[in-house]
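Peer 1: Below: sequence and its predicted model.
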Amino acid sequence: MSEAITPPVEGTPPPVVDAPPSGLPSEQPAGDVYDGFNLSDDVKAKFKDGKLNGRFGSLDDVLVKLKEAEDFKSATISEQKKLEGNTQVQQEQLKQEQTKIDAQNTVIQEILPSFMENGMTLTAEMEEKLTVGLTGTEKELAIYKFRDSARNLADRTNSAYAVVGGKENYQSMQVWAKENLSVEHQKVFTADVNGTPEASIIAIEWLNSKYQTALKDGSAPRRIEGSHHTEGLRPYADRKELYKDRDYIQSNAGRKDTAAQNQYKARLKMTPDVVIFGR
């Protein structure tokens, strides 16, 4: 008669049954595994003169080199962050400095017309506008920069007037240009006039040539009537006067005096051939 089997009660764990030991990895006791440090044939092939890769004589050597590499990486990252921080500070400083320069240039452009009308004399009111918010040294630099800009503007203005025979001619030419030149040509002319002194003279000579042609063919009104002796300029009366100016123009000082050179050329154009050539 067979033995009765009692079925397990639902919800209870199955009974533990003793089994003989096996070699299944899942049945091995848990513990530290050092398989990665076994000297396999592939690892042994990397040894040279008793050293791994010909460099490391022991595991300690490997650990030391690893620590050095980690320290170097950490130091490099730290230095990069420091440099990035310094760069951001420098960029902010440059931005602030450029903002200050732009503000100064705006004030200079506002003051210059009044300064020129005042005989190139800086009033207390002008100086206050020019130096607001600046320190002692910055004030001196701002005033110096302003005076230098004014001198350059005066030189360029006088040179421009000399090219066309005087201030009144220049103003008439500008009025004609606004009425007859395209917007694009006006922009190019303005850019050239505000560019280098050489580009400025070339642009003025080009515009004056077009203006003079318009005067000759009657398409431009003659705003200057009567004598051709324009304001501030006159033809040379004799060769003695002409040669005196020519000697100056050919001197070291005269070669640097752009305004004088332009005025000399303008007066030559107005001077009769009989005076220039003696016939």
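Peer 2: Good, I have the coordinates. Numbers count the residues shown, from 1 in each chain.
Peer 1: contacts, neighbours, all on C-alpha from now
Peer 2: Will do.
Peer 1: And the helix or strand containing Met116, how far out from the chain middle?
Peer 2: In the assignment (DSSP states H and E), Met116 maps to helix 59-117. Here the centre of helix 59-117 is set off from its chain's centre by 16 Å, with Cα atoms, centre = their mean, to the nearest Å.
Peer 1: what does stretch 237-247 give?
Peer 2: On Cα atoms, centre = their mean, the centre of stretch 237-247 falls 47 Å from the chain's centre.
Peer 1: in that stretch, what's buried?
Peer 2: 242, 245-246 (16 or more other Cα atoms under 10 Å).
Peer 1: Identify all contacting residues around it.
Peer 2: Stretch 237-247 is touched from outside by 236, 264, 271, 275-276, 278, with contacts defined as Cα atoms under 8 Å, 6 or more residues apart in numbering.
Peer 1: Are any of the residues you listed buried, and if so which?
Peer 2: Using 16+ other Cα under 10 Å, the buried ones in the contacts of stretch 237-247 are 236, 264, 271, 275.
Peer 1: List just the nearest of those residues to Ala162.
Peer 2: Tyr264 (8.3 Å; Cα to Cα).
Peer 1: give me phi/psi at that closest one?
Peer 2: With angles defined as degrees, to the nearest 10, Tyr264 sits at phi -60, psi -50.
Peer 1: How about it: what's its closest non-neighbour residue?
Peer 2: Leaving aside its sequence neighbours, Tyr264 sits nearest to Asp245 (Cα to Cα, 6 or more residues apart in numbering; 7.2 Å).
Peer 1: any idea how far the one you found is from Gln80?
Peer 2: 65 Å (Cα to Cα, to the nearest Å).
Peer 1: Just the strands from the chain, written as ranges.
Peer 2: 47-48, 51-52 (DSSP state E).
Peer 1: Show residues contacting the first one.
Peer 2: For strand 47-48, the surrounding residues in contact (Cα under 8 Å, 6+ apart) are 53-54.
Peer 1: What pairs with that strand, parallel or antiparallel?
Peer 2: strand 51-52 (antiparallel) (DSSP bridges).
Peer 1: contact partners of the partner strand?
Peer 2: In contact with strand 51-52 (Cα under 8 Å, 6+ apart) are residues 46, 57-58.
Peer 1: again with stretch 144-164
Peer 2: So stretch 144-164 is in contact with 108, 112, 116, 120, 167, 169-170, 197, 200-201, 204-205, 208, 258-260, 262-263, 265-266, going by Cα under 8 Å, 6+ apart.
Peer 1: Check those residues for burial and list the buried ones.
Peer 2: 108, 112, 167, 169-170, 197, 200-201, 204, 208, 258-260, 262-263, 266.
Peer 1: follow-up on the earlier one: nearest to Glu127, of the buried residues of stretch 237-247?
Peer 2: Asp245 (38.3 Å).
Peer 1: mind checking how far the helix or strand bottoming out on mean pLDDT in the chain is from the chain centre?
Peer 2: Lowest by mean pLDDT, DSSP states H and E among the helices and strands of the chain is helix 273-277, with a mean of 70. Its chain's C-alpha centre and that of helix 273-277 lie 52 Å apart, by Cα atoms, centre = their mean.
Peer 1: Out of the buried residues of stretch 237-247, which sit inside helices?
Peer 2: 242, 245-246 (DSSP state H).
Peer 1: any chance of those residues in TSV, with distance to Leu181 and pLDDT too?
Peer 2: Formatted as TSV, those follow (distance: Cα to Cα, whole Å; pLDDT from 0 to 100):
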residue	distance to Leu181	pLDDT
Leu242	37	81
Asp245	36	86
Arg246	36	83
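Peer 1: can the residues you listed go into TSV with extra columns for distance to Ala162?
Peer 2: Formatted as TSV, these follow (distance: Cα to Cα, whole Å):
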residue	distance to Ala162
Leu242	16
Asp245	15
Arg246	16
